[in-house]
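Give me coordinates for this.
(one chain, ligands or ions: 1)
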Amino acid sequence: MNKHWLTHLISLSVGVILGVQMAWRYCPYFSNRSLLPSFKQNVSLSRKILLLVPPSESSLSRTIQNKDDSSQVSDRCNVTSNFVFLKTHKTGSSTLRSLTCRFGYFRNLSFVLGAGGIIGHLNQVSIKFGKNSSNILPPIGVPRGNYASYKNYNISNIHLSFNERTLKRIMYPAADLKYFTILREPSQQWLSYFTYFKKYKDAGLKYDNLSETILPYIKQLPPGKGYFNLQLHDLGIKSAVIYGSPEALNEAIQRLDKKLALVLITEYFDESLLLMKQMFCWNFTDILYVKKRQQPSKVVVDKATRKEILRHSAPDVALYNHFLRVFWRKVEEYGPTFQEDLKTFRKLLNETWDKCIGKAVAEKSPDRYFYIENFLAANSSTFCWALVNSKFAMDVEIVRRQGKLSDKRWKKLE
Ligand SMILES: Nc1ncnc2c1ncn2[C@@H]1O[C@H](COP(=O)(O)OS(=O)(=O)O)[C@@H](OP(=O)(O)O)[C@H]1O
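Numbers count the residues shown, from 1 in each chain. Prediction:
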């Protein structure tokens, strides 16, 4: 080949590469993710763009160059679009759930959702479905009652009893289907549960002086009573194992370790999301969040009370400590840009807050409990609408597109 031809060939290849990169960055057909931050359509328009067919794995799990985030340089990876988020109680799980809902909502993915109850939450119920019955909603595009087609769900992110066999049967059989969860320091998790769900009332205690009355109350509780170790319960570990031998508990934790691709830690929420972003090949926009279910005031306890809560929570402490070690190992493995990425992410979070949030007030939720509800700023984008997800607005849409057209209880939320 002479020199002239070689020069021609090189300029042609450079042209093709540049062309593909331009198409990737600017053409929505190639990448809907680059559109998200500038979404300016209103909600009714977003309803119209919903496809009625679950997307195939190949159209979702493609190799991309993560170039839409300026801080991210040519990271070649496969986007994770099929996952099971094992929702734990009072760990920041609603915040995490909301961002996974947003991810699936904009990509027309199908969610495992309860057919009864409010916005598809299954209250720690096992999924049941046979030839002629089911307690979950169909995936997108499948008529209700066509039980044989209740499969190929992309996302599960509700409270459910972790039964891997059932989940395997209904989830899209993606090779990279990921399981993940979130854990919180057990004394904080317990306090949040005890106060938010008003469990102190069952104990005959009053909210006003809980700081002093919790200690004598829990001191006299026998093991297994008092809503301790719920994080293990939420991950499907039976009481016999939780309160059995340390060896059996340790084995259960090791099994979870093998199953779970990632365990986020509430105390390091932003750091955890960076790990998730990297592992799932998501971008910064995908992990933006607004805090959910934050109680307007917190009950503060002294050292002795905290110690007693932790004594009752010994199995959850073992679980938490194990995954906290795993978390720090993963932070080390992330690479040298971790701190810089964290700074970038927090800056984006602040900017997004300013753009999307109009006001925040503490109010009673439709399900009777009390937490801070954020409301959408005027004239904000569809992206903001999904991010703020005020009064479950996006959840309602997700449930609606999976065939639940009317239900008195959640209609009240609209
Ligand atoms: N991003 C982030 N970082 C740290 N903490 C957070 C975050 N998001 C939510 N929260 C706190 O998590 C508590 C709510 O947990 P859940 O959403 O899991 O509650 S629920 O089980 O769905 O009702 C609740 O804790 P308490 O306020 O102590 O009750 C929230 O304040």
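
Tell me how far Cys77 lies from the ligand.
For Cys77, the distance to the ligand equals 25 Å [CB to the nearest ligand atom, to the nearest Å]. Where you see a C-beta, it was placed from the backbone N, CA and C, and this is true even at glycine.

oh sorry, the question was meant for Lys391
For Lys391, the distance to the ligand equals 15 Å [CB to the nearest ligand atom].

And Leu273, by the same measure?
To the ligand, Leu273 is 9 Å away according to CB to the nearest ligand atom.

okay, that residue: pLDDT?
pLDDT for Leu273: 98.

Contact partners for the closest residue in space to it that isn't next to it in sequence?
Once flanking residues are discounted, Leu273 sits nearest to Ile287: 4.3 Å by CB to CB, 6 or more residues apart in numbering. Contact criterion CB atoms under 8 Å, 6 or more residues apart in numbering gives Leu99, Leu273, Leu274, Met276, Lys277, Phe345 as the residues in contact with Ile287.

Check Gly116 too.
Gly116 makes contact with Asn135, according to CB under 8 Å, 6+ apart.

three-state assignment of it?
Three-state assignment for Gly116 (DSSP: H, G, I helix; E, B strand; the rest coil): coil.

Equivalent analysis for Gly226, please.
When the structure is split into helix, strand and coil by three-state DSSP, Gly226 lands in coil.

my guess is it meets Ile218, correct?
Yes - the criterion here is CB atoms under 8 Å, and Gly226 meets it with Ile218 at 5.9 Å.

can you list residues touching both of those two?
With CB under 8 Å, 6+ apart as the test, Gly226 and Ile218 both reach His312.

The ligand versus the residue nearest to Leu273, what's the distance?
Here the distance between Ile287 and the ligand works out to 11 Å (CB to the nearest ligand atom).

okay, that residue: pLDDT?
As summarised for this prediction, Ile287 has a pLDDT of 98.

swap in Lys131?
At Lys131, the pLDDT value in this model is 72.

can you pull the contacts of it?
The neighbourhood of Lys131, defined by CB under 8 Å, 6+ apart, consists of Tyr147, Ala148.

For it, grab phi and psi.
Comment: the main-chain dihedrals of Lys131 come out as phi -70, psi -40, following degrees, to the nearest 10.

same deal with the one 5 residues further on?
As for Ile136, its main-chain torsions (degrees, to the nearest 10) stand at phi -120, psi 160.

what's the answer for Tyr371, then?
In this entry, Tyr371 is assigned phi and psi values of phi -150, psi 170 (degrees, to the nearest 10).

try Ile265
Its backbone dihedrals place Ile265 at phi -120, psi 120, with angles given as degrees, to the nearest 10.

Pretty sure it sits against Ser272.
Yes - the pair Ile265 and Ser272 qualifies as a contact (CB under 8 Å) at a distance of 5.4 Å.

coming back round to it: Ser272 versus the residue nearest to Leu273, what's the distance?
9 Å (CB to CB, to the nearest Å).

got it, and Tyr147?
Tyr147 is 37 Å from Ser272, by CB to CB.

okay, these two: which has more neighbours?
A side-by-side neighbour count of Tyr147 and Ser272, using other CB atoms under 10 Å, places Ser272 first with 24 against 16.
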